[in-house]
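K.L.:
pasting a predicted model and its sequence here:
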Amino acid sequence: MEVIKIYAEEIVKQANNALTFDMVIKLIEKPKFSEQGDLAFPCFTLAKKVRKSPSAIAEELANKIQHTLFERVVANGPYVNCFLNVKEVSRNVLQTILSQGSDYGSHNIGNGGNITIDFSSPNIAKPFSMGHLRSTVIGNSLANIVAKCGYHAIRINHLGDWGTQFGKLIVAYKLWGDEETVRNNPIAELLQLYVRFHSEAENNPELEDEARMWFKKLEDGDKEAHRLWSWFRKESLKEFSAIYSLLDVEFDSYNGEAFYNDKMEATIELLSKANLLSDSDGAEVVDLSDKDLPPCLIKKSDGATLYATRDITAAIYRQDNYTFKKALYIVGHEQSLHFKQIFLVLEKMGFEWTNEMVHVPFGFILKNGKKMSTRKGKIVLLEEVIKEAIDLAKQNIEAKNPTLPNKDEIAKEVGVGSIIFHDLKSERLNNIEFSLDEMLQFEGATGPYIQYTHARACSILRKAGRDEILNTDGLNDIQSWSVIKILIEFPNVIKKAFEQFEPSQIAKYLIDLSQEFNKYYSRVKLVAEDGDKLNRLALVKSVTTVIKEGLRLLGIKAPEEM
Ligand code: ARG
């Protein structure tokens, strides 16, 4: 049990339940200076409640609170400050980590309820962009985090497998395409066709009409259109699967936009019954001017449905099928307006679960300060990038540890880990600069640095012949305490990562923990033959457990040797 919770419980008890546990835990802070103690409780709110002066209350509480985990509790003006009993607390935490293993830091906030996570969702016949990479990495981590918090994560890949781009592709393919070439190199070739369509359409606007017509045919179930569409889809999915297997990401559902084709009529009927549809130049829209938003387009004048129609339908389908407690959409911030609109439409339709739908936006990946784009063919093929990272990781490992067994497997874990960590270490709304050289460094705030710290700790245990330390009676020295203090924080960090949908909380935490552990390692003789050797090894073991679990939550492997 976390010390902060114990402190909060003691306060609630000694204050005769004048404040609730939740209120107290929110109020507890860290004193400004460590000389003032480890935890501080400000008495202002409580004082108001019981109509006494804050310092009088602080005095009273300080005299009453006693616990084996607290060395002493003192009043400091309006604060009740707690000095932890270092030996007892460290024994308690290390013992908890040793016995819970990878379960340490779990919560039961979710009670097994479902959370749908809509992430990755690349577009068929287009390359997997840097934005999709971010969505994949952030979404995968959030799925792990919500599961750690007691929810059941449902991972949905809302493939962009429908829409007007298929009209364009069909036209381009019929004009300039060739079956053999597409088969050999689907994404590159389809992209080529797509780019050519756009450049030719600049001089020949009729192509756009043609494309609209083909998309309409596709929506109406035309045989030829459908055959081409399903072929493009199949070939693209093969390429995406290769990326997912490199990244080690899996989905529960690949129900993309096309899945909702036969379900949209029902949505439009609901909208119409609720009197929400109005006409705008022959198109059907939901007016959102009461919330100062542009109207949400539901059906075009030619009868074709839109991205928004499919998202509204998908939300209803997901609630019917999964009765989600929350529905997360991990999509770049450039789609904020879209999500505001569809959430508002759903709210107007009277679905009260709309409150639980969350757009989780993120920033761009930049290369030399510029957005990496797919439109004009200036694209980077992601699979190549990942493979390059793995190659570079392999060279590093080769140089550092030439005799390491299964180098290829570890190079994959390090190369892929470096890309993921680089993404997740900054708050998701920040733009991030893509630099393979930087992310693959073994020093600094990088994935390989954290993995290396973990491997180093594992090797200490291996060399001491003590992989299976199961017991400890705690440690008393300041050096150990500075690491243990961080270990205590882990459950809380996970909770924050969940509440803010922010994996960077965990990534930053792992950087702190690794830095502190490496300091410890360089200052303290861990395997010195004194009375505390096994306790220090228990600490080392706990560090490996927490780093490994933290990395797992980010979607990164923790090799034991590298
Ligand atoms: N395929 C879309 C794109 O690449 C992202 C889909 C996000 N998910 C959703 N339910 N709208 O822009």
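P.N.:
All right, it came through fine. As the structure is a prediction and not an experimental result, all values here were calculated from the model.
K.L.:
got the contact list for stretch 218-229?
P.N.:
Asp161, Phe166, Gly167, Leu169, Ile170, Tyr173, Trp214, Lys217, Asn261, Gly303, Ala304, Thr305 (C-beta atoms under 8 Å, 6 or more residues apart in numbering). Bear in mind the C-beta positions are built from the backbone N, C-alpha and C, glycine included.
K.L.:
give me that answer again for 7 Å
P.N.:
Phe166, Gly167, Ile170, Tyr173, Trp214, Lys217, Ala304 (C-beta atoms under 7 Å, 6 or more residues apart in numbering).
K.L.:
ok, these vs Arg456, which is closest?
P.N.:
Nearest to Arg456 among these: Phe166, at 51.6 Å, using C-beta to C-beta.
K.L.:
assumed that closest one was part of a helix.
P.N.:
Yes - judged by DSSP: H, G, I helix; E, B strand; the rest coil, Phe166 forms part of a helix.
K.L.:
quick check: the gap between it and the ligand.
P.N.:
Remark: distance between Phe166 and the ligand (C-beta to the nearest ligand atom, to the nearest Å) = 13 Å.
K.L.:
would you check that that residue makes contact with Phe215?
P.N.:
Yes - between Phe166 and Phe215 there is a contact at 5.9 Å, judged by C-beta atoms under 7 Å.
K.L.:
doesn't Ala315 belong to a strand?
P.N.:
No - counting by three-state DSSP, Ala315 is not found in a strand; it is helix.
K.L.:
specify the local secondary structure of the closest residue to it other than its chain neighbours.
P.N.:
Distance criterion C-beta to C-beta, 6 or more residues apart in numbering; nearest residue to Ala315, sequence neighbours excluded, is Leu346 at 5.9 Å. State at Leu346, reduced to three classes by three-state DSSP: helix.
K.L.:
try Lys32
P.N.:
Applying three-state DSSP: Lys32 is coil.
K.L.:
now it: phi and psi?
P.N.:
Dihedral pair for Lys32: phi -60, psi -50, per degrees, to the nearest 10.
K.L.:
in the stretch 1-150 of the chain, which spans are strands?
P.N.:
39-42, 70-76, 79-84, 114-118 (DSSP state E, counting those that start in this stretch).
K.L.:
need these in CSV with distance to Val24, mean pLDDT and mean neighbour count, can you?
P.N.:
Shown next, in CSV, are these (distance: least, C-beta to C-beta, whole Å; pLDDT from 0 to 100; neighbours: other C-beta atoms under 10 Å):
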stretch, distance to Val24, mean pLDDT, mean neighbour count
strand 39-42, 7, 96, 22
strand 70-76, 14, 96, 17
strand 79-84, 11, 96, 24
strand 114-118, 28, 98, 25
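K.L.:
out of these, nearest to the ligand?
P.N.:
strand 114-118 (4.7 Å; C-beta to the nearest ligand atom).
K.L.:
in the contacts of stretch 218-229, find the pair that's most separated.
P.N.:
The distance between the two most remote of the contacts of stretch 218-229 (C-beta to C-beta) is 19.7 Å, for Tyr173 and Ala304.
K.L.:
tabulate the CA atom coordinates of stretch 87-94 in PDB.
P.N.:
Extracted in PDB, the C-alpha atoms of stretch 87-94 (Å, rounded to 0.1, in the frame of the first residue of the first chain):
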ATOM      1  CA  LYS A  87      13.900   1.700   6.900                       C
ATOM      2  CA  GLU A  88      10.300   0.700   7.400                       C
ATOM      3  CA  VAL A  89       9.000   2.400   4.200                       C
ATOM      4  CA  SER A  90      11.800   1.000   2.100                       C
ATOM      5  CA  ARG A  91      11.100  -2.500   3.500                       C
ATOM      6  CA  ASN A  92       7.400  -2.100   2.800                       C
ATOM      7  CA  VAL A  93       7.900  -0.900  -0.800                       C
ATOM      8  CA  LEU A  94      10.600  -3.300  -1.800                       C
END
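K.L.:
how far away from the center of its chain is that stretch?
P.N.:
Here stretch 87-94 is found 31 Å from its chain centre; the criterion is C-alpha atoms, centre = their mean, to the nearest Å.
K.L.:
ok so, going back, could the strands of the stretch 1-150 of the chain go into JSON lines alongside distance to Val358?
P.N.:
Conversion of those to JSON lines gives the following (distance: least, C-beta to C-beta, whole Å):
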{"stretch": "strand 39-42", "distance to Val358": "32"}
{"stretch": "strand 70-76", "distance to Val358": "39"}
{"stretch": "strand 79-84", "distance to Val358": "36"}
{"stretch": "strand 114-118", "distance to Val358": "10"}
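K.L.:
between those, which one is closest to Ile138.
P.N.:
Of all these, strand 114-118 comes closest under C-beta to C-beta, at 9.7 Å.
K.L.:
so which of the contacts of stretch 218-229 sit within helices?
P.N.:
Per DSSP state H, helices hold the following members of the contacts of stretch 218-229: Phe166, Gly167, Ile170, Tyr173, Trp214, Lys217.
K.L.:
ok, back up a step: so the residue nearest to Ala315 is in contact with Arg318, correct?
P.N.:
No - using C-beta under 7 Å, Leu346 makes no contact with Arg318, being 11.2 Å away.
K.L.:
if you count what's nearby, which of those two comes out ahead?
P.N.:
Neighbour count, other C-beta atoms under 10 Å: between Leu346 and Arg318, Arg318 has more, with 22 against 19.
K.L.:
any buried residues in the helix or strand encompassing that one, and which?
P.N.:
Using DSSP states H and E, Arg318 falls within helix 307-322. Buried positions in helix 307-322, judged by neighbour count with 16 or more other C-beta atoms under 10 Å: 307-319, 322.
K.L.:
which one among these gets closest to the ligand?
P.N.:
Nearest to the ligand among the buried residues of helix 307-322, counting by C-beta to the nearest ligand atom, is Asp311 at 5.0 Å.
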